[in-house]
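> Here's a sequence, model it:
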Amino acid sequence: MSRSKQVVRVLSAGWVAGVLVVAWVAAAYAVPPQPQAWVTAEEQHWLDVAGDAMPAVPSLWDRGYTLNYQVMGGTVQGAAISITQPNGIEDVWIDTPGTIGWQSGTSTFGWQAVGPLSGSAFECIDALPSQVTLTPSFSMTRQISNPVLQSDVETRTLTFGVTIASSMAGYDWMHVDMLTDWNVPDGLSYSVVSTSGPAGFTHQSWGLATYSADNPATLGVGSTYEFTADVQITRSGDLAQAALGDLYLKPSGNARYGNSTPVAPVTGNSISMAVGAGVTATFASTNVTNFSGQGGQGQSLDFSTVATGVGPIALNEVSLVRNKRTSISGTTLYAFDVELQGTNVAAGTLTTPGGANVYAMEMDEGYTEFWRASTTEADLAEFGPGTYRIDLTGTDGGVQIYYIDLPDATYPAAAPQFDQPIGFETLDPRPLLSWQAAGPGVDAIGFELWSVDDEYEGWEMLGTGVTSSTPGEDLGIGGYVACVEFFDGEVGALPGGATCYTGWVASTDTYFNITPEPVTLALLGLGAGGLLLRRRRN
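Below is the predicted model of the structure:
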């Protein structure tokens, strides 16, 4: 915060009957301007695919909440965000370092910045139930003039087509991002050379190649709107031509739409707003702040990034598991998860036993995957024991088909139990995490640890007798989530040599905070190699 003159004050203070008494003995004091914060809270649904076409048909979308704390002027001390929603949470990620907490009695999750906040903080909460069937208001396609990059600096043309399937009169905003500044692999950078969009849409400077509908209600049902962008793509590090060779790239992009509701401005230490039925978000500070902002609901259809080598498919590891997991909010979540790690995969589909259904697989941080979850196990009846078919298309155009059997078994009888209390705080940058020994029928143990700001993630596959793990490097201040997985299943090999894990998993999450000092922070009072269950990042 800048000041026009030096602030000079001399104070004497004392506590009288629980009230802080301040005696002013000098009046040469300039009151600093109050910080300005623009905050938003949105109930959000998003749908990711790796291909190039997204139809307007009923689909199972992920569900969660996005909360943004944008400091527009000054500095906010003790910046904090909390959200209360009755069904617990599945996962959380935050782009700014901070400590976290879950208050089970009020079903409230909280985050507090580790220092003064002068920029922005973004928080995403995966809700429970985590998925919902929705029909999008439009279909969407993408094209790239040539997905194969053969040098470190090349320009490509991106084309997005959006065809309106149903009236959008019920929505007050719509954005088309031909290129996003998130989900960009390390070693890639984008520079937009030029863009073009249709009548009825305005180019926005706050996106890489973003257009907003002037009035969604006027978009014609059955009409197709086309957007293009010329993008210079630069490769470096592990993705440079000298290190990788040719790179097959389809950058991420999306179309988003929804409703926004302004909230009355507040000058004080907190502002709260409703976000969906029974859900309240609170933004807080320890210094008086001028809060303004909005709540709302939004839906996002996303084409995920495909960035891999060029050539025949080469798989390293595959896992196909059923999981019974206890999240950090104490809620039991049932999941079916298929993950493939390898190179040169452009797209894939999964067919459930008996040919019941065919699902498009996603691309996520170098993995090809399919995932379903529910708090009700019966919702996963389709994903039981039997033979699954996986069809993969390589970046060379070749197709490989795999058949994988999920054994007729069940989850390990006893789920992991941590020795440390959930939500513990520590000054140790390499804390010990320990758990009770696995019981009979457990074939392997997986341990995963990650920071909620995505700056650290570690994974280990351990022997059945191992009961603890310590990070191999110092961790920074902030919140972390750890997961122990007891695996009961089989380890085999697919044609071509890829290791294949199939079976049933019981897992438990915990969280903790590495703090700068040995005091409990009032978070809520303010307002990889292995694949068994790699954490999803939305």
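
> how about the strands in the stretch 301-450 of the chain?
306-309, 314-326, 332-343, 345-351, 358-360, 362-364, 367-374, 386-394, 399-406, 424-426, 433-434, 444-451 (DSSP state E, counting those that start in this stretch).

> Who is residue 253 paired with across the strands?
residue 303 (DSSP bridges).

> Look up how far residue 175 lies from residue 201.
Separation of residue 201 from residue 175 (Cβ to Cβ, to the nearest Å) stands at 9 Å. Every C-beta, even on glycine, is put in place using the N, C-alpha and C of the backbone.

> Can you check which residues contact both of the two?
Here residue 201 and residue 175 have 211-213 as joint contacts, going by Cβ atoms under 8 Å, 6 or more residues apart in numbering.

> Highest neighbour count among those residues?
residue 211 (26 neighbours; other Cβ atoms under 10 Å).

> right, and the helix or strand after the strand or helix carrying that one?
Following DSSP states H and E, one finds residue 211 within strand 210-213. Remark: after strand 210-213, the chain's next helix or strand is strand 224-235, criterion DSSP H and E.

> which residue ranges form the helices in this protein?
Using DSSP state H, the helices of the chain run over residues 241-244.

> Run through it and note the low-pLDDT ranges.
When residues are selected by pLDDT under 70, those of the chain lie in 1-32, 518-538.

> Outline the domain layout of it.
In terms of domains, the chain is parsed into 37-307, 311-538 (source: automatic domain parsing).

> hang on, the earlier thing: point out the most buried one among the strands of the stretch 301-450 of the chain.
Among the strands of the stretch 301-450 of the chain, ranked by average contacts under mean count of other Cβ atoms under 10 Å, first place goes to strand 306-309 (a mean of 23).

> For that one, which helices and strands make contact with it?
Applying 3 or more Cβ pairs under 8 Å, 6 or more residues apart in numbering; DSSP states H and E, we find strand 306-309 packed against strand 247-250, strand 345-351.

> Other residues contacting that strand?
By Cβ under 8 Å, 6+ apart, strand 306-309 touches 50, 147, 185, 188, 239, 244-250, 343-347, 363, 366, 395.

> With stretch 141-155 instead?
Contacts to stretch 141-155, defined as Cβ under 8 Å, 6+ apart, come from residues 52-54, 156-161, 178, 193, 230-236, 240-241, 246-251, 253, 303, 306, 310, 346, 395.

> can you give me the end-to-end distance of it?
End-to-end distance for stretch 141-155: 20 Å, by Cα to Cα, to the nearest Å.

> With stretch 137-155 instead?
End-to-end distance for stretch 137-155: 32 Å, by Cα to Cα.

> repeat for stretch 459-479
With Cα to Cα as the measure, the first residue of stretch 459-479 is 17 Å from its last.

> what does stretch 44-54 give?
Its start and end residues considered, stretch 44-54 measures 18 Å (Cα to Cα).

> Which of the shared contacts of residue 201 and residue 175 sits closest to residue 509?
residue 212 (38.0 Å; Cβ to Cβ).

> what's the spacing between residue 282 and residue 354?
Residue 282 sits 48 Å away from residue 354, going by Cβ to Cβ.

> quick one, which of those two is more surrounded?
A side-by-side neighbour count of residue 282 and residue 354, using other Cβ under 10 Å, places residue 282 first with 21 against 9.

> Please name the bridge partners of the more buried one.
residue 82, residue 272.

> oh, and call the first residue 36 from now on, that's how I've got it
Done: numbering now begins at 36, and the last item shifts to residue 317.

> okay but it is in contact with residue 304, surely?
No. If you go by Cβ atoms under 8 Å, residue 317 and residue 304 don't touch, sitting 10.4 Å apart.

> rewinding a little: please list only the buried members of the contacts of stretch 176-190.
Taking 16 or more other Cβ atoms under 10 Å as the criterion, what is buried in these is 87, 89, 191, 193, 195-196, 213, 265-266, 268, 270, 276, 282-286, 288, 338, 341, 345, 381, 430.

> What is the neighbour count of the residue lying closest to residue 366 once chain neighbours are set aside?
Distance criterion Cβ to Cβ, 6 or more residues apart in numbering; nearest residue to residue 366, sequence neighbours excluded, is residue 123 at 3.5 Å. When neighbours are defined as other Cβ under 10 Å, residue 123 has 21 of them.

> Distance across stretch 148-159, terminal residue to terminal residue?
15 Å.

> That should have said stretch 413-433, apologies.
Start-to-end span of stretch 413-433 (Cα to Cα) is 37 Å.

> Next, count neighbours for residue 156.
Per other Cβ under 10 Å, the neighbour tally for residue 156 reads 24.

> Please name the bridge partners of it.
Note on residue 156: beta-bridge partners residue 104, judged by DSSP bridges.

> State the distance from it to residue 401.
Distance from residue 156 to residue 401, by Cβ to Cβ: 27 Å.

> swap in residue 192?
25 Å.

> In this structure residue 106 contacts residue 71, no?
Yes. Look at residue 106 against residue 71 with Cβ under 8 Å: they come within range, at 7.2 Å.

> Between these two, which is the more surrounded one?
Between residue 106 and residue 71, counted using other Cβ under 10 Å, the more crowded position is residue 106 (21 against 16).

> ok, that one - contacts?
Counting by Cβ under 8 Å, 6+ apart, residue 106 touches 70-72, 114, 152-155.

> repeat that with 7 Å
70, 72, 152-155 (Cβ atoms under 7 Å, 6 or more residues apart in numbering).

> of these, buried ones?
Of the contacts of residue 106, these count as buried by 16+ other Cβ under 10 Å: 70, 72, 152.

> Can you flag which of those residues belong to strands?
Within the buried ones among the contacts of residue 106, residues falling in strands by DSSP state E are residue 72.

> now, which of the buried ones among the contacts of residue 106 sits nearest residue 412?
Using Cβ to Cβ, residue 152 comes nearest to residue 412 of these, at 41.3 Å.

> isn't the closest one right up against residue 115?
No. Contact status for residue 152 versus residue 115: not in contact, 9.4 Å apart, counting by Cβ atoms under 7 Å.

> what about residue 448, neighbour count?
When neighbours are counted by other Cβ under 10 Å, residue 448 registers 12.

> Hmm, residue 474 and it touching each other?
Yes. Counting by Cβ under 7 Å, residue 448 does reach residue 474; the two are 6.1 Å apart.
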